[in-house]
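Asks: task: produce atomic coordinates for the following.
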Amino acid sequence: MSTYFTQYEFKCSHTGQCDMNPDFISKLNELRTAYGKPMKITSGYRSTSHPIERKKQTPGAHTTGQAADIAVSREDAFHLLSLALSKGFTGIGIQQKGSGRFIHLDTLENSEGRPRPTIWSY
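Replies: The predicted model follows:
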């Protein structure tokens, strides 16, 4: 699938589908090269039938194949966030409290109801 990642890492945990956008994967590879260490993908592609997506009014970025959640915390999170901003990721979600710390990255375009670029916290 790419220099650093396998298709398995991005498969929907609900359906097993994997429809990742090649441009997104290319940008993620650039980020990984700059980051200089492994990045654990905790969520990649999600089918619209995935339980998380079914709770939403409209399907989220993961259903487009242009999003991934990366397990990271503390100074590594700061470093990854800095690099993601410099590489042009347009959607950045930050979960840095409790267990399951991660950073969501996506490359969606600005649209009604989904402004980009933007940063949010969970």
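
Asks: and the lowest-mean-pLDDT helix or strand in the chain, how far from the chain's centre?
Replies: Lowest by mean pLDDT, DSSP states H and E among the helices and strands of the chain is helix 51-54, with a mean of 90. Offset of helix 51-54 from its chain centre (CA atoms, centre = their mean, to the nearest Å): 16 Å.

Asks: how about stretch 19-39?
Replies: Stretch 19-39 sits 10 Å away from the centroid of its parent chain (CA atoms, centre = their mean).

Asks: give me the buried positions along it.
Replies: Across stretch 19-39, burial judged by 16 or more other CB atoms under 10 Å covers 20-21, 24-25, 27-28, 31-32, 35, 39. Glycine gets a C-beta too; all of them are placed from N, C-alpha and C.

Asks: check the residues you listed and tell me the two furthest apart.
Replies: 21 and 35 (19.9 Å; CB to CB).

Asks: that's a helix at residue 78, yeah?
Replies: Yes: judged by DSSP: H, G, I helix; E, B strand; the rest coil, residue 78 forms part of a helix.

Asks: what's the mean pLDDT across stretch 10-20?
Replies: What stretch 10-20 shows for mean pLDDT is 96.

Asks: same deal with stretch 107-114?
Replies: For stretch 107-114, mean pLDDT rounds to 93.

Asks: now do the same end-to-end measure for that stretch.
Replies: Start-to-end span of stretch 107-114 (CA to CA, to the nearest Å) is 12 Å.

Asks: how far off centre is that stretch?
Replies: Its chain's average C-alpha position is 15 Å from that of stretch 107-114, according to CA atoms, centre = their mean.

Asks: show residues contacting stretch 108-122.
Replies: Contact with stretch 108-122 is made by 58, 61, 64, 66-67, 90-96, as judged by CB atoms under 8 Å, 6 or more residues apart in numbering.
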